[in-house]
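In: Please work out how this folds:
(2 chains)
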Amino acid sequence: MSTENNTAVEPKRESLFSKNNRKLLKDPLDDSNPITVQVLGICSALAITVQLQQAVIMSLSVLFVMIGGNVIISLLRNFVPDRIRIIVQLVVVASLVIIVDQVLKAFQPDISEKLSVFVGLIITNCIIMGRLEAFALGNKPGPSMLDAIGNAMGYAWILLVVSIVREIFGSGAISLPGMGQVKFLPTSWFISEGGFYENNNLMILPPMALITVGLIIWIQRSRNASLIEEN
Amino acid sequence: MAINKNGTGYTFGFAIVMVIVVGAALAVTSMSLKPRQQANAADKKMMDILGAIQVESTRDNAKEMFAQYVTTRIAIDATGGQVSLKQGDVDTKDSTDPFNIDIKKDYRANKPAKGDLAWGNANALTFPVFECDKEGERLYVVPMVGTGLWGPIWGYVAMQGDMKTIYGATFDHKTETPGLGAEIKEGFFTEKFAGKTLEEVGPTYFSVLKGGAITNEHSVDGITGGTITSKGVDEMLNRTMGIYLKYFNNASQRAER
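Out: Next comes the predicted model:
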């Protein structure tokens, strides 16, 4: 659970794409990935990865809320009274989530129906509050935005990989927002049609998301020596 | 700035300003998106009604298909009498249009007592019926709401012209368990209703039986592992049909005369 990259207090002006700032974008993708390393935001990762299209919309929603939240809190960081800072963060996140929810209901009603309560639960996504408290409150808007993008992307790629695996093996299909579900296996392959193949229904159930995330963690750790604990 | 950031006055001031700003922003968002959301909800309702008479539609063509198949929208009262009747295009802003009767809201406000097959206060309510014409066949679509295991369930049941035989049904739910109760919306369950008939005398006109039971023409097999949701469908059907059958009987008497 490393959060060392939070102490980026720059004494002089830095370019937006300096080494430090690139680290903000890159680290959450691998070394300090919110899901596989910090193990935050697992609940939604389990719940909405049955289909790729849900994962895409969820990722975009989280990206929007994270950037908005981090930038707003960073802009307000010198004005927020310490004693109510968590409430202020919560109010900012909650209002952004409500906006996302309303926009989805208006423009993507079918997906909004499928995501149901999980859009609302972005509010309780630990990644978001964690980044606000740990990073945005102590840093300028620019780096805060990069940190938000980095962490949201770190969350998103895990979600996308898990949902692709689950949808291919669970439903024999891939779905994208606005395009619907594309079943690419010929129906004659299925046992019910006299073939040899059957979808693995277990993949649709939440436990398989956990196991898929576990496999990703395994692969990641075997490749990245810095993540392996001493004993 | 020489303001004490940790003073009580500042904290209160900050909180008040924040609430006003956030409240205003959310109110503006909600109001500007409302028309779109309502249009979406109306489209979905049309798709569900068309689904009950086995007509596939999408969000894009729901309006045209609805206008093509649904000829008359009727509102009835609890005694089965006709209150109002509308034909032509649906106006989602016209509160006298039976299409706009919000039975979910009515149900929430008039929940029947536990185990009771009557509405809390049915006499004050009106109930919509949708008369459809599908390739010359006259069908009646009845909307219904009930309670599943975790939250509301609802559905649309289409009756054939004899007003006793079920033509088709669609069910949906808000939060039933995926893979168990949530299966009520799937085709394998709703297909079973087609061709079944309602019993002439109540209060049980139709039964959704517990998994694996032998069914007759007045019952279907419920969902294994979704007993409470299945029971909810059963209760919803009987309570709703209790009211609509009065209207149907009146209507068929009128037709005989």
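In: Could you tell me how far the helix or strand of chain A with the lowest mean pLDDT lies from the centre of the chain?
Out: The weakest-scoring helix or strand in chain A, judged by mean pLDDT, DSSP states H and E, is strand A:180-183 (a mean of 75). Strand A:180-183 sits 23 Å away from the centroid of its parent chain (Cα atoms, centre = their mean, to the nearest Å).
In: and it, which strands flank it?
Out: Partners of strand A:180-183 in the sheet, by DSSP bridges, are strand A:173-176 (antiparallel).
In: What parts of chain B come near chain A?
Out: Neighbours of chain A within chain B, by Cβ under 8 Å from any Cβ of the partner chain: B:5-6, B:10-11, B:14-15, B:18-19, B:22, B:25-26, B:29-30, B:33, B:36-37, B:40-41, B:43-44, B:59, B:174-175, B:178-179. Just so you know, the C-beta spots here come from the backbone N, C-alpha and C atoms, and that holds for glycine as well.
In: Enumerate every residue touching residue A:42.
Out: Neighbouring residues of residue A:42 by Cβ atoms under 8 Å, 6 or more residues apart in numbering or on different chains: A:35, A:210, A:213.
In: if we can go back for a sec, and the buried ones among the residues of chain B next to chain A, selectable in ChimeraX?
Out: Filtering the residues of chain B next to chain A down to the buried ones (16 or more other Cβ atoms under 10 Å in any protein chain shown) takes a single ChimeraX command:
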select /B:11,14,18,22,29,33,37,40,43,44
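In: Among the residues of chain B next to chain A, which ones are in helices?
Out: B:10-11, B:14-15, B:18-19, B:22, B:25-26, B:29-30, B:33, B:36-37, B:40-41, B:43-44 (DSSP state H).
In: related to what we said a few turns ago, among the contacts of residue A:42, who's most crowded?
Out: Comparing these by number of neighbours (other Cβ atoms under 10 Å in any protein chain shown), residue A:35 comes first, having 23 neighbours.
In: returning to that earlier point: narrow the contacts of residue A:42 to those in helices?
Out: Those of these lying in helices (DSSP H): A:210, A:213.
In: Show me the helices in chain A, by range?
Out: Under DSSP H, chain A gives helices at A:19-26, A:42-47, A:52-76, A:85-107, A:109-115, A:117-120, A:126-134, A:141-171, A:206-223.
In: Flag every buried residue along the first one.
Out: Residues A:21, A:23-25 are the ones in helix A:19-26 that count as buried (16+ other Cβ under 10 Å).
In: The fifth one now?
Out: Along helix A:109-115, these residues count as buried under the neighbour rule (16+ other Cβ under 10 Å): A:109, A:111-112, A:115.
In: Contacts for it, please.
Out: Contact partners of helix A:109-115, identified using Cβ under 8 Å, 6+ apart, comprise A:48, A:51, A:53-54, A:57-58, A:101, A:104-105, A:119, A:177, B:37, B:40-41, B:43-44, B:59.
In: for the shortest one, same thing?
Out: The set of residues that contact helix A:117-120 without belonging to it, under Cβ under 8 Å, 6+ apart, is A:44, A:47-48, A:58, A:61, A:97, A:100-101, A:104, A:112, B:175.
In: 7 Å - rerun?
Out: A:44, A:47-48, A:58, A:61, A:97, A:100-101, A:104 (Cβ atoms under 7 Å, 6 or more residues apart in numbering or on different chains).
In: how close does residue A:28 sit to chain B?
Out: 28 Å (Cβ to the nearest Cβ, to the nearest Å).
In: Let me see the contact set for that residue.
Out: Residue A:28 is in contact with A:34, A:150-151, A:153-154, counting by Cβ under 7 Å, 6+ apart.
In: Out of these, who's the most crowded?
Out: Highest neighbour count within these, by other Cβ under 10 Å: residue A:151, with 31 neighbours.
In: which residues does that residue contact?
Out: Applying Cβ under 7 Å, 6+ apart to residue A:151 gives the contacts A:28, A:34, A:66, A:127, A:131.
In: my guess is residue B:80 meets residue B:250, correct?
Out: Yes. Counting by Cβ atoms under 7 Å, residue B:250 is a contact partner of residue B:80 at 5.1 Å.
In: just for chain A, where's the confidence low?
Out: Applying pLDDT under 70 to chain A flags residues A:1-17, A:178, A:180, A:231.
In: That one against chain B: which residues are in contact?
Out: For chain A, the contact set with chain B under Cβ under 7 Å from any Cβ of the partner chain comprises A:79, A:81-84, A:88, A:91, A:95, A:98-99, A:102-103, A:105-106, A:109.
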